[in-house]
Structure formats: C-alpha cells, structure tokens
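Enquirer: Below is the structure, and that's it, no one-letter string:
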C-alpha cells in the first residue's frame, strides 16, 4: 500500500459517500464537495445549547467554509506530509482506533483469565479482612529502641486483654495512621498480599479472634480478624474485574497483539502505520460519527498548522511589521487616562531599592528582568519583579508610588517590605508597539488573517446548495 505523503486514506470513502442519495452535497469548496452529514456533524458539535454565541445554520455556513478553505490550502501545501503533523495525528488516531480493534469478547476473556489466575494464586485459601495495631521498629534499631517498642506493644496488648476497645486503641496508639483512623482495618486481602509473618498469623485466626503481639520485618503487630470469606463466583466479580482491567489499559495491550498479528500476516508489505490506516478506514466506514471525529482531528491539526505557520507565528516575530502597523494605527491605541510602562519591584533590603534603580538606568527595558536575576537573585531571591503596563487601579503599590493615590492600604509581598519602580509615564497613549505588544500582535495577526482569507476565497470559490442547506437537521 503506497502513500503519497499522507494522502489522507479517509478521503476515498468520505468522497464516495457524497454520491449517495441520502447524503447530498450541501456545498462545494474549490470544486470539492461537502456532504450534508459532514456539515451537520460540525454544526451540531459547535452549536450546542452550552455555546454562548450559538449560530443558526445560515450563519454557520461562512465560518465552516473558511475553516474548510484553510484545511484545503494546508493539504495543497502538503502540510499533511510533515513529520511533526504525522506524529501528532498518528498519536490521536491510535488513541481512537486501537481500542476499537478489540472486541468485548476479548476483554471478557481477559476478565476470566484474571479471575482464574487470582483463584489459582489463592490456593484454596479464603479472603481475609484483618485489622491491626502497629508499633514501628526502624531498621538497625538500637537495643534500647527494640526494648521500648516491645514494651509499648505489650502494654497495648495488656489493655486489650483487660477489656480495651481494639478500634479505639488502633486510632490512638497505632503507628499505621492510614488504617488507624478506621480502627486499624485493612481492605480485603488474599495470600501473597501481606508480609509473611503477618499473613501466617492472620490465616491462623478465626473471625473475632485477636493475636498476641508478634514481630515482622517492620515492627510489632497485634491482629484482629474481622471477617473471612471464600472468593465470590466469577459472575459476581465480573463487573468489578472489568472496570479494573479497563483502567489498566487492557484494550491498548490487546490491540498491540492484534496489530502485531496483522503486521506478521502482511509479511513486510505494510508498515504498522499503513495497517492502522487501513483499519481506521474500515472502522470509519462502519461508524459515521467515528469517521467525522477522526476527520475533525485531521482537519483541526492542518487548520492550526496553516494558521500558525502562515499568520500567527510570522506576525508575532515580524518586529518591523509590528512597528509599522503600530505607527499607522497609533490613534486607535490612545487612552483617556495615564499609564505607566515599567517595573514595580520589591526588595528584602532597603539598600537594594536604589541599587536596582541605578543598575537599570540606561539599560534596555527588555533586559531588566534578566539583569536583575543575574545581579541580585543569583544565590537567593532578594528582589521580586512585576514588569508590565500599569493603569491606575491595577496595582496598589503602583497606585501609591507612581500615581500618588492616597488613603488606601498598599501591602508588599511577605518578606519584601521595600518597594520601588523604574519606567516611564505614558499620558496620551503608548510610545512604542512594545508598550502594548500583545494587543498589537493580535491586531496584526487579525489583519493578516483577513487578507489570507480573501486570497482563499478567490482560490477556492464556495457554491452553496440552498435546497440541501434547508434540510440540515430536518430530514
């Protein structure tokens, strides 16, 4: 099975469905058909009752068309052949498809095997529900420490034999605090799940019986047997075992066995990825929701890649373009109240306030944080920094020191009682695009995205079948 890059294996069967009378074409984008079922899937998923800005079908058409144009452009640019894309898509595909290769009968067989192994491991013994009181004896304890631990467990046992309450003593005296809060009670256990010394004593006790103190490799115990029972039949435990092995990823483990078997049968003519592509196609042909779920991820990755590679990342790193855009649109960034661009900082020592001001004088603003980190915080954090654009009301220390607001309490961070600031006041608006970098970046990205979409509209004209569109969610 040859592949031209990632010529998306689903396209063949997706396109084939368009010819079916029960799934007519709702639109074409650059000559490629879009089925009503695909449009419905995307519309319904993105316009649930929980969506704040819910769109009508007619309103959604252009959003969907633009989305598909970007995917089409990414496909035409062969972005689906890039190794990073393939790696991420295959990871998602595997998460969705591999478990579906495993039948419920196979999982049930694993449940039975787990039960049979558990029963065999018990060797005819019962399950136990013990409780214990524990006195820790650390490794390499001194003779005095050993004597103290022995005296302590003997004292507890003496109280028990004179009518003391086991649960209360476990809560107040046991060094096993986790079980102590439940009166020393352990969960149901079987052979091989406990320390050998503990297990030997526990299996010798009848329900209600309390052992004498005994020593294990970790300390002293007194055990009370609260209950015993035979292992329940398989049908009784089936649901519990099923949940347990599912939580341990049994389907992924079984799917690997299936893929290995299919790979062996292919005798080297298909790679594992090609086998999984084939199985994905087969399963998606049987389940329309699965088909569109996988396609959604396929398209979503391409949508992100083309937007990020063509618009978002280039705009973010185009400093000349950002500066030019800012200067051309400077009026829209004007504000009606003063702002301060700079840094409010907090020091452990009073002398560091002037030292920071002096050290940053004449230094480029984008180097402040790194410089202070290296000069003042190399061995320990003596200066904390808050560098950004401040307006009145954003920061109480800035209000007090910079904007001279009176009458409100302004606390510095604990351990940093001394505050100062460096920067510049901006009365009518930002002086440089870097003063409001995130806003300018977003605006430039938006402008370039609009230009990109207009190019796509010319390249991939959209033709909507209004008659079919009117039947969406109504057929």
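Expert: That came through, no problem. This structure is a prediction, so every number in the text was calculated from the model and none was measured.

Enquirer: going forward, measure contacts and count neighbours with C-alpha atoms only.
Expert: Will do.

Enquirer: buried residues in the helix or strand encompassing residue 84?
Expert: Residue 84 belongs to helix 83-97 when assigned by DSSP states H and E. Residues of helix 83-97 classed as buried by neighbour count (16 or more other Cα atoms under 10 Å): 85, 86, 89, 90, 93, 94, 97.

Enquirer: these two touch, right, the fifth one and residue 294?
Expert: Yes: with the criterion set as Cα atoms under 8 Å, residue 93 and residue 294 qualify as a contacting pair; they are 6.9 Å apart.

Enquirer: So for stretch 144-164, mean pLDDT?
Expert: Across stretch 144-164, pLDDT averages out at 96.

Enquirer: Give the helix, strand or coil label for residue 282.
Expert: helix (DSSP: H, G, I helix; E, B strand; the rest coil).

Enquirer: who touches the residue nearest to the spatial centre of the chain in this structure?
Expert: Centre of the chain computed as the mean C-alpha position; nearest residue by Cα atoms, centre = their mean is residue 92, 13.9 Å away. Each residue near residue 92 by Cα atoms under 8 Å, 6 or more residues apart in numbering is listed here: residue 297.

Enquirer: And this structure, split by domain according to the record?
Expert: Listed by automatic domain parsing, the domain ranges of the chain are 127-229, 335-428.

Enquirer: out of those, nearest to residue 285?
Expert: Closest of those to residue 285 is domain 127-229, at 46.5 Å (criterion: Cα to Cα).

Enquirer: What's the local residue count around residue 470?
Expert: 13 (other Cα atoms under 10 Å).

Enquirer: Tell me where the stretch 151-300 of the chain has strands.
Expert: In the stretch 151-300 of the chain, the strands defined using DSSP state E, counting those that start in this stretch lie at 214-215, 219-229.

Enquirer: Can you give me the distance of residue 96 to residue 310?
Expert: Separation of residue 96 from residue 310 (Cα to Cα, to the nearest Å) stands at 29 Å.

Enquirer: Could you do residue 235 as well?
Expert: Residue 235 is 58 Å from residue 310, by Cα to Cα.

Enquirer: Among the buried residues of helix 83-97, pick out the one closest to residue 229, please.
Expert: Closest to residue 229, out of all of these and judged by Cα to Cα, is residue 97, at 41.3 Å.

Enquirer: Before we move on, what's the pLDDT of the closest residue to that closest one other than its chain neighbours?
Expert: Leaving aside its chain neighbours, residue 97 sits nearest to residue 280 (6.2 Å; criterion: Cα to Cα, 6 or more residues apart in numbering). Here, the pLDDT recorded for residue 280 equals 96.

Enquirer: pLDDT weak spots in the stretch 301-450 of the chain?
Expert: Nowhere does the stretch 301-450 of the chain drop to pLDDT under 70.

Enquirer: returning to that earlier point: single out the most deeply packed of the strands of the stretch 151-300 of the chain.
Expert: strand 219-229 (a mean of 20; mean count of other Cα atoms under 10 Å).

Enquirer: Tell me the helices and strands packed up against that strand.
Expert: Judged by 3 or more Cα pairs under 8 Å, 6 or more residues apart in numbering; DSSP states H and E, strand 219-229 is in contact with strand 127-136, helix 143-161, helix 196-203, strand 214-215.

Enquirer: want to throw the ones you listed into CSV with distance to residue 303?
Expert: CSV is the format used below for these (distance: least, Cα to Cα, whole Å):
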stretch, distance to residue 303
strand 127-136, 56
helix 143-161, 68
helix 196-203, 60
strand 214-215, 66
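
Enquirer: ok so, going back, neighbour count winner among residue 235 and residue 310?
Expert: The neighbour comparison of residue 235 against residue 310 (other Cα under 10 Å) goes to residue 310, with 15 against 9.

Enquirer: Could you report the distance from the more buried one to residue 418?
Expert: 47 Å.

Enquirer: go on, residue 117?
Expert: 67 Å.

Enquirer: So for those two, which residue has more residues nearby?
Expert: For residue 117 versus residue 418, the count of surrounding residues by other Cα under 10 Å is larger for residue 418: 18 against 11.

Enquirer: where does the stretch 101-250 of the chain have low pLDDT?
Expert: Answering for the stretch 101-250 of the chain: no residues sit below the bar, that is pLDDT under 70.

Enquirer: what separates stretch 327-345 from the chain centre, distance-wise?
Expert: 36 Å (Cα atoms, centre = their mean, to the nearest Å).

Enquirer: what's it in contact with?
Expert: 365, 383-392, 397-398, 402, 419-430, 433, 435.

Enquirer: buried sites along that stretch?
Expert: Buried residues in stretch 327-345 (16+ other Cα under 10 Å): 333, 339, 340, 341, 342, 343, 344, 345.

Enquirer: Pretty sure the fifth one sits in a strand.
Expert: Yes: the assignment for residue 342, made by three-state DSSP, places it in a strand.

Enquirer: ok, what's across the strand from it?
Expert: With DSSP bridges as the criterion, residue 342 is bridged to residue 388, residue 423.

Enquirer: where do the helices sit along the stretch 1-150 of the chain?
Expert: Here the stretch 1-150 of the chain has its helices, by DSSP state H, counting those that start in this stretch, at 10-18, 36-46, 57-76, 83-97, 104-122, 143-161.

Enquirer: Can you add distance to residue 169 and give those helices back as a markdown table?
Expert: As requested, those are arranged in a markdown table below (distance: least, Cα to Cα, whole Å):
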| stretch | distance to residue 169 |
| --- | --- |
| helix 10-18 | 67 |
| helix 36-46 | 58 |
| helix 57-76 | 68 |
| helix 83-97 | 50 |
| helix 104-122 | 31 |
| helix 143-161 | 8 |
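
Enquirer: among these, which is nearest residue 239?
Expert: When those are ranked by proximity to residue 239 (Cα to Cα), helix 104-122 comes first, at 9.0 Å.

Enquirer: Now find how far off-centre the helix holding residue 84 is within its chain.
Expert: Centre to centre, stretch against its chain (Cα atoms, centre = their mean), the figure for helix 83-97 is 17 Å.

Enquirer: Now do the contacts for the closest residue in space to residue 323 that isn't next to it in sequence.
Expert: Of all residues not flanking residue 323 in the chain, residue 433 sits nearest, at 5.8 Å (Cα to Cα, 6+ apart). Counting by Cα under 8 Å, 6+ apart, residue 433 makes contact with 322, 323, 326, 327, 440.

Enquirer: For the residues you listed, which two are the farthest from each other?
Expert: Farthest pair in the contacts of residue 433, by Cα to Cα: 327 and 440, 10.4 Å.

Enquirer: Helices of the stretch 201-350 of the chain, start to end?
Expert: 234-247, 250-266, 272-286, 288-307, 313-317, 319-328.
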